[in-house]
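Enquirer: Build me a model:
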Amino acid sequence: MKKFRICALLVALAVLIAAVPFTAFADGSEPGLIYDFYEKSVMENYGYTSLTNCTVEWVEGVLRHTAVENIMEADDGIGDPNFMIADAQYSDLDCSEYPYFAINLKNPSEATQFEVHFGTDEHGLSASNVFHLDIEGGMDTFKTFYCYIPTQNEKWVNILNAPGGLSEQETGSYTAPEMEEGGSFWEGYLNSLRIDGVYFGGRSGLVPGGTSYDIAWIAFFKTEDDVKNFAGPDRTKPTPEPTPTPDISTIAPFGTIIFDSDDYDDFWTGPNVIDDVSFNEEDKCYDISIPEGGDPFITMAFGSYILMEQMDEVELDTYKIMQIKMKIDPKIGLQGNIYYSTDEAPGAYAEAQNVAYRYANTEDWQVVNVDFTRQRNWTSILDACRLDAFPSTSADTVVKVAYITFFKTLAEAQAFADMGSQFPATPEPTATPTPTPTPEVTDTPEPVPTDVPPTEEPTPEPKKTGCGNVIGGTFAVVALAACALVIRKKH
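Expert: As a prediction, this is how the structure comes out:
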């Protein structure tokens, strides 16, 4: 009898346990997007651009953000160190699905606020796309802090930029209307992420020169419970799947422009902070002479060449990779940007139509592959591109460009570069022979919250890690038997 009672009790207990819901600590707490700065090579591949009054460096497994010296000028509000994480443009993060922001940091300064700006495909990067979260000052260990972005965006748009906000108080004008309760610009898909960092006050942060803090990781989550249950980044290294070697016979560069003469002067238009663009007879390339200063760029008039029938239309749904043979001074920088417009997205060059790429650290010729695969607006027919070879230049410099071409895949583009990037010569025209008859032919510690709303039950979501791969490398020119459409200007 006792055995029967014990068995019945165990069965009832098992049924009761099975009926109790439990929290999924693994898949359910994974972030939708994470930037983990533990490994230097991974951190560098995220890409950092538009550095303003600051430095960004990898130090013992973390990102260190430091305000440069002597930027504190309280009279006019200067003191706003910030940088962009270029890889955010590849994130595919649905903002409405992932409204929680979390950061693991160590902040030895006295600041108790942290500022972030963002851009989406519905709201470009601007002063109003901003949120803050509460942090602690005087820290000597790492800790996780988080916030609910929509609420903080509404709050800080009004504090900083709406009528009566800090912008109007300090400059006499405001930059945004008051945001109504429940409003937010955190919608659409994330494509820009700017880290302003520790915030001391005023409309622009007022960060004293020399202020420094460390970030271990930043991430976006679906729910507050997901943030609380997140155990940290998975830093194991699974063996990557081998990249298949492309079939050499299928590699076909398209829309190639080889700058082997001075016939291409009209391809380069709209220079900004550019001293000169001229053909270099000895190197068979165009030299872009850039003076010391900020925001140098020049436009490449693909659309005009298409209209003049100097090249075929580049169908962007097919050709996702732009390859450029370049020569740069690596001391100036190791990152550039390509902005673009198409016949369906002509508009101004915006952050939503911008891809960052990285240079190899060499003074030799190199091939840069710019990957537009994850750009939503890279579709239909190419109109024009803007080459921002560097965000800024610390000295006068020259950027050399030898050719531009397009590929369907990154694997094909890199294989072409590895094999020498030598294009076949355009044959000389010959007299048309007399026709003769031919036969028929057959047939990819606890986190600290900042004013977060009630939570909902988490929904498991596969983890995404941000990292847009742009490959650059030096090469030796060797012969390649590949079919290529070579564009040479008609006379």
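
Enquirer: any idea where the strands of the stretch 251-400 of the chain begin and end?
Expert: 254-258, 268-272, 276-280, 285-290, 293-294, 297-300, 321-327, 335-342, 354-358, 366-371, 382-388, 392-393, 397-407 (DSSP state E, counting those that start in this stretch).

Enquirer: In TSV, list the ones you listed along with mean pLDDT, distance to I195 and mean neighbour count.
Expert: Placement of C-beta: from N, CA and C, glycine included. As requested, the strands of the stretch 251-400 of the chain are exported to TSV (pLDDT from 0 to 100; distance: least, C-beta to C-beta, whole Å; neighbours: other C-beta atoms under 10 Å):
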stretch	mean pLDDT	distance to I195	mean neighbour count
strand 254-258	94	36	20
strand 268-272	95	26	15
strand 276-280	97	34	15
strand 285-290	97	27	20
strand 293-294	84	19	12
strand 297-300	96	23	22
strand 321-327	96	28	22
strand 335-342	89	16	22
strand 354-358	81	15	23
strand 366-371	92	23	23
strand 382-388	94	20	21
strand 392-393	85	18	18
strand 397-407	97	27	22
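
Enquirer: any chance of those in a markdown table, with distance to S109 too?
Expert: Formatted as a markdown table, those follow (distance: least, C-beta to C-beta, whole Å):
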| stretch | distance to S109 |
| --- | --- |
| strand 254-258 | 50 |
| strand 268-272 | 36 |
| strand 276-280 | 44 |
| strand 285-290 | 36 |
| strand 293-294 | 27 |
| strand 297-300 | 35 |
| strand 321-327 | 40 |
| strand 335-342 | 27 |
| strand 354-358 | 29 |
| strand 366-371 | 37 |
| strand 382-388 | 32 |
| strand 392-393 | 26 |
| strand 397-407 | 35 |
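
Enquirer: Among these, single out whichever gets nearest to E170.
Expert: Comparison of the strands of the stretch 251-400 of the chain against E170 by C-beta to C-beta identifies strand 293-294 as nearest, at 23.3 Å.

Enquirer: Need the residues that contact that closest one.
Expert: For strand 293-294, the external contacting residues (C-beta atoms under 8 Å, 6 or more residues apart in numbering) are 273, 391-393.

Enquirer: circling back: which one of the strands of the stretch 251-400 of the chain lies closest to G164?
Expert: Between these, strand 293-294 lies closest to G164; by C-beta to C-beta that is 32.4 Å.

Enquirer: Can you list the strands that that closest one pairs with?
Expert: Using DSSP bridges, the strands paired with strand 293-294 are strand 392-393 (antiparallel).

Enquirer: End to end on stretch 160-179, go ahead and measure it.
Expert: Length of stretch 160-179, first residue to last, C-alpha to C-alpha, to the nearest Å: 11 Å.

Enquirer: OK, contacts around the closest residue to T373 other than its chain neighbours?
Expert: In this structure, T373 finds its nearest non-sequential neighbour in K320, 4.6 Å apart by C-beta to C-beta, 6 or more residues apart in numbering. Residues in contact with K320 (C-beta under 8 Å, 6+ apart) are 371-373, 378, 407-410.

Enquirer: Let me see the ranges of the strands in the stretch 1-150 of the chain.
Expert: Ranges of strands within the stretch 1-150 of the chain are 33-36, 48-52, 54-59, 62-67, 82-85, 100-106, 113-120, 130-134, 143-148, based on DSSP E, counting those that start in this stretch.

Enquirer: Which one of those strands has the poorest average confidence?
Expert: Ranked on mean pLDDT, the bottom entry among the strands of the stretch 1-150 of the chain is strand 48-52, at a mean of 75.

Enquirer: between that one and strand 62-67, what angle do the directions make?
Expert: 30 degrees (axes from the mean of the first three to the mean of the last three C-alpha atoms, to 10 degrees).

Enquirer: Can you list the buried residues in strand 48-52?
Expert: Neighbour counts using 16 or more other C-beta atoms under 10 Å place 48-52 of strand 48-52 among the buried residues.

Enquirer: Columns distance to Y38 on top of those residues, output as CSV?
Expert: What follows is the buried residues of strand 48-52, written out as CSV (distance: C-beta to C-beta, whole Å):
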residue, distance to Y38
Y48, 16
T49, 21
S50, 24
L51, 21
T52, 26
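
Enquirer: Which of those residues sits closest to F220?
Expert: For those, the nearest to F220 is Y48 (18.7 Å; C-beta to C-beta).

Enquirer: can you tell me how far the closest one sits from N158?
Expert: 30 Å (C-beta to C-beta, to the nearest Å).

Enquirer: Output the strands of the stretch 1-150 of the chain in TSV; the columns should cover distance to L387.
Expert: Conversion of these to TSV gives the following (distance: least, C-beta to C-beta, whole Å):
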stretch	distance to L387
strand 33-36	27
strand 48-52	14
strand 54-59	23
strand 62-67	28
strand 82-85	18
strand 100-106	33
strand 113-120	21
strand 130-134	30
strand 143-148	37
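
Enquirer: looking at those strands, which is closest to Q366?
Expert: Taking C-beta to C-beta, strand 48-52 is the member of the strands of the stretch 1-150 of the chain nearest to Q366, at 18.7 Å.

Enquirer: Give me the residues contacting the closest one.
Expert: 56, 80-86, 194, 335, 337, 356, 391.

Enquirer: tally of neighbours for P108?
Expert: Neighbour count for P108, taken as other C-beta atoms under 10 Å: 14.

Enquirer: quick one on the thing from earlier: tabulate the contacts of K320 (CSV), appending distance to P208.
Expert: Shown next, in CSV, are these (distance: C-beta to C-beta, whole Å):
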residue, distance to P208
D371, 39
F372, 40
T373, 42
W378, 42
F407, 48
K408, 50
T409, 48
L410, 43
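
Enquirer: ok, so of the residues you listed, who is nearest E187?
Expert: Comparing the contacts of K320 against E187 with C-beta to C-beta places W378 closest, at 21.8 Å.

Enquirer: The closest one reaches S341, doesn't it?
Expert: No: judged on C-beta atoms under 8 Å, W378 makes no contact with S341 at a distance of 10.6 Å.

Enquirer: Just to check, P291 is in contact with D275?
Expert: Yes: contact status for P291 versus D275: in contact at 5.3 Å, counting by C-beta under 8 Å.

Enquirer: Overlap in contacts, the two.
Expert: Taking C-beta under 8 Å, 6+ apart as the contact rule, P291 and D275 both touch D396.

Enquirer: Domain ranges for this protein, per the record?
Expert: What automatic domain parsing lists as the domains of the chain is 28-229, 248-424+468-487.

Enquirer: how long is stretch 251-267 from one end to the other?
Expert: Chord length of stretch 251-267, first to last residue, is 26 Å (C-alpha to C-alpha).

Enquirer: buried set for it?
Expert: Residues 251, 253-260, 264, 267 are the ones in stretch 251-267 that count as buried (16+ other C-beta under 10 Å).

Enquirer: just to revisit the earlier point, for Y100, which of the strands of the stretch 251-400 of the chain is the nearest?
Expert: With C-beta to C-beta as the measure, strand 354-358 is the member of those nearest Y100 (26.0 Å).

Enquirer: Kindly export the closest one (C-alpha atoms) in CSV.
Expert: Provided in CSV are the C-alpha atoms of strand 354-358 (Å, rounded to 0.1, in the frame of the first residue of the first chain):
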residue,chain,number,x,y,z
ASN,A,354,26.7,54.2,-47.2
VAL,A,355,29.1,51.3,-46.9
ALA,A,356,32.4,51.5,-45.0
TYR,A,357,35.4,49.5,-46.2
ARG,A,358,38.9,48.9,-44.9
